[in-house]
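Engineer: Give me coordinates for this.
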Amino acid sequence: MTISARQVNGARNLRVWLRRGHRWLGLAAVFFVLFLSTTGIALNHSADWGLDRSYVESGWILDAYGVSAPAPTVSFADGDLRVTQLGSRIYLGDSEVPQEVDALVGLVALGPLAVVAVPGGVLVLTVEGELVERIDLAAEMPGPVERLGRSMGRPVVASRDSFFIGDAEVTGFAPLSDPAGLDIDWSSASEPDASEVAVLQQLYRGRGLTVERLLVEIHSGRILSAAGPWLLDIVGIGLIILSLSGIVVWLRGNGRGASIPIRKD
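Structural biologist: Here you go, the predicted structure:
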């Protein structure tokens, strides 16, 4: 075999390997391109699609992120209603109340309403856990709310030696000049059942990781900790090689197509 023939065979083999490598690298890159494109589009429309307000419920994903729920801080019951504090969140039954609090003082049920006391005042809720009104009593009381009770179908709060009673609609509170003559049923803390605690802790964990945050972690590769950015670097290098090999294959193919043999008569 002459040197020229070996050169031709070598060039042909190089083209074959370039085409094969380009093909397989392209197939491998398709997955990552589709993956990054899809997550990028989703993040671009995160607010429109509510991804920042949607939460991951998968137990193994939450475990992987170390999302855990604290034990109940305090819990109060009145009839069939129970309010429980976990961390800074409070739950009426199994419904999370849309208010974060430092502490929970008590609960009284008043027909279709539930009144929950916190140090700065009271939360007026429906029995389904929807917030009707928050009444701030910090400016009227000598200190934080220390106790919550019920008398004559109305809520009563105590702060140090001062007492305040709510109106029938629970829209405001007025000072009580002589609370000694009232029969006040004070709210007292009690332990929730273990099954109730398990449900609340699962609900708490479900609010610990948004879909948007998970997509950001996936898109950036941080979900794989230190290996994630390196994986994306490898993908980037692969795309560079794919682009360069594509150019080389195109140039060689274009050059071969352009060289038309001339027939000599």
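Engineer: any idea how far residue 97 is from residue 118?
Structural biologist: 10 Å (CB to CB, to the nearest Å). Heads up, the C-betas are built off the backbone N, CA and C, glycines and all.
Engineer: What of residue 154?
Structural biologist: With CB to CB as the criterion, residue 154 and residue 118 are 18 Å apart.
Engineer: When those two are compared, which one has more neighbours?
Structural biologist: Shown here are residue 154 and residue 118; by other CB atoms under 10 Å, residue 118 has more neighbours (23 against 18).
Engineer: Excluding chain neighbours, give the residue nearest to the more buried one in space.
Structural biologist: residue 101 (4.7 Å; CB to CB, 6 or more residues apart in numbering).
Engineer: Identify the residues contacting the one you found.
Structural biologist: Neighbouring residues of residue 101 by CB atoms under 8 Å, 6 or more residues apart in numbering: 85, 88, 90, 118, 119.
Engineer: Residue 68 now?
Structural biologist: residue 205.
Engineer: tell me the pLDDT at it?
Structural biologist: pLDDT recorded at residue 68 is 80.
Engineer: Let's verify it: helix, strand, or coil?
Structural biologist: What DSSP: H, G, I helix; E, B strand; the rest coil gives for residue 68 is coil.
Engineer: distance of it from residue 104?
Structural biologist: 21 Å.
Engineer: ok, now residue 75?
Structural biologist: From residue 75 over to residue 104 (counting by CB to CB), the distance is 8 Å.
Engineer: List the residues that are in contact with both of these two.
Structural biologist: With CB under 8 Å, 6+ apart, residue 75 and residue 104 have common neighbours 83, 84, 85.
Engineer: Could you tell me which of those are located in helices?
Structural biologist: Judged by DSSP state H, helices contain none of the shared contacts of residue 75 and residue 104.
Engineer: Is there a quick PyMOL command that grabs whichever of those residues are buried?
Structural biologist: Selection of the buried residues among the shared contacts of residue 75 and residue 104 in PyMOL, burial being defined by 16 or more other CB atoms under 10 Å:
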select buried, resi 83+84+85
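Engineer: And the shared contacts of residue 75 and residue 104, which is closest to residue 193?
Structural biologist: residue 84 (10.6 Å; CB to CB).
Engineer: Which members of the contacts of residue 101 are positioned in strands?
Structural biologist: Those of the contacts of residue 101 mapping onto strands are 85, 90, 118, per DSSP state E.
Engineer: Provide the partner residues of the first one in its beta bridges.
Structural biologist: Going by DSSP bridges, residue 85 is paired in beta bridges with residue 74, residue 90.
Engineer: which residues sit in contact with it?
Structural biologist: 72, 73, 74, 75, 91, 101, 103, 104.
Engineer: Report the separation between it and residue 204.
Structural biologist: Counting by CB to CB, the gap from residue 85 to residue 204 is 11 Å.
Engineer: swap in the last one?
Structural biologist: Between residue 118 and residue 204 the computed distance is 18 Å (CB to CB).
Engineer: The second one too?
Structural biologist: As for residue 90, its distance to residue 204 is 11 Å (criterion: CB to CB).
Engineer: neighbour count winner among the two?
Structural biologist: Taking other CB under 10 Å, residue 90 and residue 204 do not tie; residue 90 has more neighbours (28 against 19).
Engineer: thought the more buried one was touching residue 116?
Structural biologist: Yes - shown here, residue 90 and residue 116 form a contact pair, counting by CB atoms under 8 Å, at 7.0 Å.
Engineer: so what sits against both of these two?
Structural biologist: 83, 97, 104.
Engineer: And those residues, which is closest to residue 130?
Structural biologist: residue 97 (8.6 Å).
Engineer: Is the closest one part of a helix or strand, or is it coil?
Structural biologist: Under three-state DSSP, residue 97 comes out as strand.
Engineer: which residues sit in contact with the closest residue to it other than its chain neighbours?
Structural biologist: Among residues not flanking residue 97 along the chain, residue 90 sits closest, at 4.8 Å (CB to CB, 6+ apart). By CB under 8 Å, 6+ apart, residue 90 lies in contact with 83, 84, 96, 97, 99, 101, 104, 116.
Engineer: If anything else comes up later, I'll come back, but that's it for now.
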